[in-house]
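Visitor: got a predicted model here, sequence first, then my questions.
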Amino acid sequence: MSEEGPQKKKYYVPTFYWMKPPPQPSPLRTGFVNKQQKHFYLAMTVFKIAKVVAIVLVALFFVGIL
């Protein structure tokens, strides 16, 4: 007979919509795996910046500054 200790009971934990997985470290800190990943990260960053610039330009257009 093996002495493994008391068996722990696994409890069901429901996943709620507000529960998120833990944040992953940024690839800028850990380093990129390959060139393709680096280019993809750069493209996503450019698209995010372009989206913010477009929103600002539309807001300025509606305010009447442009």
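Guide: In hand now; what should we look at? Numbers count the residues shown, from 1 in each chain.

Visitor: so Lys38 sits against Phe32, correct?
Guide: Yes. Counting by C-beta atoms under 8 Å, Phe32 is a contact partner of Lys38 at 4.3 Å. All C-beta atoms are positioned from the backbone trio N, CA, C, and that covers glycine.

Visitor: pLDDT on the lengthiest helix in the chain, on average?
Guide: Longest helix in the chain by number of residues (criterion: DSSP state H): helix 35-63. What helix 35-63 shows for mean pLDDT is 94.

Visitor: who are the packing partners of that helix?
Guide: Counting contacts by 3 or more C-beta pairs under 8 Å, 6 or more residues apart in numbering; DSSP states H and E, helix 35-63 is packed against helix 27-30.

Visitor: quick one: residues in contact with the helix it packs on.
Guide: The set of residues external to helix 27-30 that reach it, using C-beta atoms under 8 Å, 6 or more residues apart in numbering, is Gln37, Lys38, Tyr41.

Visitor: change it to 7 Å
Guide: Here helix 27-30 makes contact (C-beta atoms under 7 Å, 6 or more residues apart in numbering) with Gln37, Tyr41.

Visitor: determine how far it lies from the middle of the whole chain.
Guide: Counting by C-alpha atoms, centre = their mean, to the nearest Å, helix 27-30 is centred 13 Å from the centre of its parent chain.

Visitor: just the CA trace of it, in CSV.
Guide: C-alpha atoms of helix 27-30 as CSV (Å, rounded to 0.1, in the frame of the first residue of the first chain):
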residue,chain,number,x,y,z
PRO,A,27,7.2,39.8,-26.6
LEU,A,28,9.3,42.9,-26.4
ARG,A,29,10.6,41.8,-23.0
THR,A,30,10.9,38.1,-23.7
